[in-house]
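K.L.:
I would like the atomic coordinates for the input below:
(one chain, ligands or ions: 2)
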Amino acid sequence: MHALNLQPKTITLAERLADLAVDALIDEADLSPKPALVDRRGNGAHTDLHLGLMHASALALWPAFKEMAEAALEFGEICLPLREAIGRIGREGEQAMLATTHGVNTHRGAIWALGLLVTAAALDTKSTSAGAVTLRAARLALLDDRYAPRPLSHGAQVAQRYGARGAREEAQLGFPSVVQRGLPQLKRSRAAGHGEQNARLDALLAIMTDLADTCVLYRAGEQGLHAMQHGAQAVLDAGGSASLTGRRRLHELDQQLIALNASPGGAADLLAASLLLDRIERAGILQGAF
Ligand SMILES: CC(C)(COP(=O)(O)OP(=O)(O)OC[C@H]1O[C@@H](n2cnc3c(N)ncnc32)[C@H](O[C@H]2O[C@H](COP(=O)(O)OP(=O)(O)OP(=O)(O)O)[C@@H](O)[C@H]2O)[C@@H]1O)[C@@H](O)C(=O)NCCC(=O)NCCS
Ligand SMILES: Nc1ncnc2[nH]cnc12
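P.N.:
Ligands and ions are numbered 1, 2, ... in the order given. Predicted structure coming up:
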C-alpha cells in the first residue's frame, strides 16, 4: 500500500507556459456575448464549430505549446534553427488540432500567435513585459522558415485581392493590435470598474476597430470588414459592453456580422494573445512562482 502523496507536483516552465496558453484560448472561447463568434450562447456565424470543439482544440494544442517553450530553452536565443523548430512544432500542432476537430480549422491563427509568444516568453523569463515579449516574438516571426509550405491560404487570397495585412504581418510588426489596442483597453475597462468579462469584451472590440481580419475579409469582403470595425467602435463610443447603450450596440453588431457571415476569428485569436500576455505580465508567473 502506498501512502497518499499530497505533495504538489512541480511543473516545468514550459508546462506552465503551455497551461497559460491553453487557459487563454479557453477563456477566449467562453467569453460571451462575442459578436458572430463561438461562445457560451452558440455558434455565431459558424456552422461547423461549437464551444466543445473549441475547448477540445485548445486542449489538444498543449503539447505543441510546451514543445515550443522547450525549444526556446534549448536554443536560448533568437535564431533560424529555433524559428524552424517552432515552425515544425506548429505544423504538428495544426495536425493535432485537425485530428481533434475532424478537419475543422479552429485555431490556426492562435497556434501562430500564441506559439510565437510562448516561445518568446520562455527565451527570457526576466523580461516578461508585453512589450518585451512581443518584440522578441516579432524578431522570430521575421526569420524565414525554409521548410514552411506556402499554400494559397484564405489569408494569402485576401492579401492578393485587397492588399490586406494578415496574421504574419501582425506578428512581424510586434502585435500592434494587442499592444496598442487590446491590452490598453483591457486595463482601461478594468480600471473603470467594468468587471472582468466586460473588460475582456471591450478588449476584443478594441482589437476589432482596426484589424484587417483576413477571416472576415475572406467571408464577407470589405463590406464585412467595414461593418466589423465601425460596429466595434460604436460599442466602445457608447460606453463599452458594461453600459446599457453599449450592450445594445453589441447586440446589433452580433446580428449584423452574423447576417454578413463575417466571423472575426483573427480578432478572437488576438484577444487570446492579449489574455496570455496579461497573465504573464501580471503574475510575474515565470520567475519561480510555479
Ligand atoms: C503565418 C500563418 C499565420 C499563416 O497565415 P495565412 O494568412 O497565410 O493563413 P490562414 O490560413 O489564412 O490563417 C491565418 C489565421 O490567422 C488569423 N487571422 C486572421 N487575420 C488576422 C490578422 N490580421 N492578424 C492576426 N491573425 C489573423 C485567423 O485565424 C482565425 O480564423 C480561423 C478560421 O479561418 P479560416 O480558415 O479562414 O476560416 P473559415 O472562413 O471559417 O473557413 P471555412 O469554414 O470556410 O473553411 C480560426 O482558426 C482562427 O484561428 C486566420 O485564419 C501561420 O498559420 C503559418 O505559417 N503556419 C505554419 C506553421 C508555423 O510556422 N507555425 C509557427 C509556429 S509559432
Ligand atoms: N470563439 C471563436 N469563434 C470562432 N472562431 C474562432 N477562432 C478563434 N476563436 C474563435
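
K.L.:
use CA for all of it now, contacts and neighbours both
P.N.:
OK.

K.L.:
Any regions of the stretch 1-150 of the chain where pLDDT drops low?
P.N.:
By pLDDT under 70, the low-scoring segments of the stretch 1-150 of the chain are 1-8.

K.L.:
who in it is up against ligand 2?
P.N.:
A29, L37, V38, D39, T106, H107 (Cα under 6 Å from any ligand atom).

K.L.:
Specify which member of those is nearest to T12.
P.N.:
For those, the closest approach to T12 (Cα to Cα) belongs to H107, at 24.6 Å.

K.L.:
for T106, phi and psi?
P.N.:
Dihedral pair for T106: phi -90, psi -40, per degrees, to the nearest 10.

K.L.:
From what I see, it and H55 are in contact.
P.N.:
No - the pair T106 / H55 is not scored as a contact, 9.7 Å apart, by Cα atoms under 8 Å.

K.L.:
So for these two, which sits in the more crowded spot?
P.N.:
In this view T106 and H55 are compared by other Cα atoms under 10 Å, and T106 has more residues nearby, 24 against 19.

K.L.:
what are the ranges of the strands in the stretch 51-200 of the chain?
P.N.:
Secondary structure of the stretch 51-200 of the chain, counting by DSSP state E, counting those that start in this stretch: no strands present.

K.L.:
which parts of it sit against ligand 1?
P.N.:
So far as Cα under 6 Å from any ligand atom goes, the stretch 51-200 of the chain lies against ligand 1 at 86-87, 90-91, 105-110, 112, 115-116, 153-156, 165-168, 170.

K.L.:
Among those, which ones are in helices?
P.N.:
If you go by DSSP state H, these have 86-87, 90-91, 108-110, 112, 115-116, 154-156, 167-168, 170 in helices.

K.L.:
Taking those together, which two end up most distant?
P.N.:
The span of those, defined through Cα to Cα, is set by I86 and H154 at 22.0 Å.

K.L.:
who has more neighbours, these two?
P.N.:
When neighbours are counted by other Cα under 10 Å, I86 and H154 differ, and I86 comes out ahead with 27 against 15.
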